[in-house]
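K.L.:
the following comprises the amino acid sequence and a computationally predicted model.
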Amino acid sequence: MTIDERLEALTHSVELWSHMHMDASKEYEERFRANEKRLAQLMDTMNRLGRILEIHDQQIDAHGDRLDNLERH
């Protein structure tokens, strides 16, 4: 194999590696953006659940107050 053939093979390998790297970078960015969307949805769901828990906690406290009032009378 001549030097020119080796350089050509090396150039081809570097170009192939470069394309593979660009493809992997694009895939990584796509996955990263999808995960960001999932995280935002998860955070929204957790916030809604937190509000529901607060409301239920208030309702439980109100029921407890009513029971206390009934027991006093």
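P.N.:
Sure, I can see it.
K.L.:
could you report the neighbour count for Leu7?
P.N.:
Neighbours of Leu7 under the rule other C-beta atoms under 10 Å: 10. Quick note: C-beta positions are derived from backbone N, CA and C, even for glycine.
K.L.:
and it, how far from Val14?
P.N.:
Look at Leu7 and Val14: by C-beta to C-beta, to the nearest Å, they are 10 Å apart.
K.L.:
Thr11: neighbour count?
P.N.:
Neighbours of Thr11 (other C-beta under 10 Å): 10.
K.L.:
how about Glu27?
P.N.:
Using other C-beta under 10 Å, Glu27 is surrounded by 10 other residues.
K.L.:
report the separation between it and Met20.
P.N.:
Taken as C-beta to C-beta, the span from Glu27 to Met20 is 11 Å.
K.L.:
quick one: mean pLDDT over the strand or helix carrying Phe32.
P.N.:
Per DSSP states H and E, Phe32 falls inside helix 3-72. The predicted model gives helix 3-72 an average pLDDT of 94.
K.L.:
packing partners of it?
P.N.:
With contacts taken as 3 or more C-beta pairs under 8 Å, 6 or more residues apart in numbering; DSSP states H and E, helix 3-72 sits against no other helix or strand.
K.L.:
no further queries at this time; thank you.
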